[in-house]
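The sequence and its predicted three-dimensional model are supplied below.
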Amino acid sequence: MIDGSRRALDDRWTFIAYNIVVQQCMATCWLAPCIAMPASVASITTMVVPVGGVLVAGGLAARAARAYQIAALICVVGSVAMAVRS
């Protein structure tokens, strides 16, 4: 039982480190292009953030995306692309 508790504690610190390092780096990399864009385009491209979250979460959980999830991601990216072009 003690080993299981230690493993859970180690996992929690791993997740905290991931949140601090990886997500902050991703946010910084996302912010740089957004500053250079007009406000109307930057606000539309923030809709792509959940797509990245779904892809990263699926990779971390080692689960394959289902057909309806892939279709939803394609619809979101396609709508953002159409909005940016107009």
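Nice, I can see it. Numbering: from 1, shown residues only.

how about the closest residue in space to residue 69 that isn't next to it in sequence, what does it touch?
In this structure, residue 69 finds its nearest non-sequential neighbour in residue 54, 7.1 Å apart by CB to CB, 6 or more residues apart in numbering. Yep, even glycine has a C-beta here, placed from its N, CA and C like the rest. Going by CB atoms under 8 Å, 6 or more residues apart in numbering, residue 54 touches 65, 69, 73.

For residue 8, report the pLDDT, please.
At residue 8, the model reports a pLDDT of 54.

what about the top helix by length along the chain, distance to the chain center?
Ranked by residue count under DSSP state H, the longest helix found in the chain is helix 2-36. Its chain's C-alpha centre and that of helix 2-36 lie 12 Å apart, by CA atoms, centre = their mean, to the nearest Å.

average model confidence for the helix or strand just after it?
Remark: after helix 2-36, the chain's next helix or strand is helix 39-45, criterion DSSP states H and E. The pLDDT scores in helix 39-45 average 79.

Relative to the whole chain's centre, how far out is helix 39-45?
17 Å.

wait, isn't residue 34 in contact with residue 45?
Yes: between residue 34 and residue 45 there is a contact under CB atoms under 8 Å: 7.0 Å.

of the two, who's got more company?
residue 45 (16 against 13; other CB atoms under 10 Å).

Which residues does stretch 63-81 contact?
44, 45, 47, 48, 50, 51, 54, 55, 58.

I'd like to know the phi and psi angles of the last one, please.
Dihedral pair for residue 58: phi -60, psi -40, per degrees, to the nearest 10.
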